[in-house]
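K.L.:
how does the following fold in three dimensions:
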Amino acid sequence: MEALASNATFVARSFAGDAKQVKELLKAAFSHRGVAVLDIISPCVTFNNEDNTIHSYTWGKDHEAPLHEISFVPALDEIELVGEFPEGTVREVAMHDGSTVILKKLEKDYDPTSRAIAFQMLEEAQVKDWLVTGLIYIDEKKPVLTDIYNLVDTPLNRLTPSELRPAPETINKINALMF
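P.N.:
Numbers count the residues shown, from 1 in each chain. Next up is the predicted model:
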């Protein structure tokens, strides 16, 4: 919702256990011309930051191990990977502490080009405690910064000083406007 409110033109979310969806959304985000926000949900302290959970900050501080023991990994059952599940369905994934994350994969016919519908869908998901996965919003028509300001394709740090500096007549023209 924050990405939508901030006018990102590509907004998506996936779950680390749904490798196929993660892969496709990563490819789409990288190829998008504009601000792309891709949230990948992965079991971590974000979901388990309560004092009584084994992934909280408190638990971590209480169980710190010296750096030379970095090979120690506590034995826990692997979190069930979601794998593929059909569009439009809801799936619960159990965390190590017994809590669950509820994933909702967007419907196949969901239209991610409407910002208003995206906000509405996210509000519904928030009420139902769903973490929606899929392409939430995309706007391919909005011009990007490089187009708005007619910037060169070459990254600025790759240009030579003579390519970066405006011509003397351009500087004189700008100075004449200001002084």
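K.L.:
could you point out the longest strand in the protein?
P.N.:
With DSSP state E applied, the strand covering the greatest number of residues in the chain is identified as strand 131-138.
K.L.:
mind listing what that one pairs with, with the direction of each?
P.N.:
For strand 131-138, sheet partners with direction are given as strand 10-15 (antiparallel), strand 100-105 (parallel), following DSSP bridges.
K.L.:
give me the distance from it to the chain's centre.
P.N.:
Computed by CA atoms, centre = their mean, to the nearest Å, the chain-centroid distance of strand 131-138 equals 10 Å.
K.L.:
quick one on the thing from earlier: tell me which of the strands paired with strand 131-138 sits most buried.
P.N.:
When neighbours are counted by mean count of other CB atoms under 10 Å, the highest per-stretch mean among the strands paired with strand 131-138 falls to strand 10-15, a mean of 25. Heads up, the C-betas are built off the backbone N, CA and C, glycines and all.
K.L.:
leaving out sequence neighbours, find the closest residue to Val35.
P.N.:
Nearest non-adjacent residue to Val35, counting by CB to CB, 6 or more residues apart in numbering: Ala8, 4.4 Å away.
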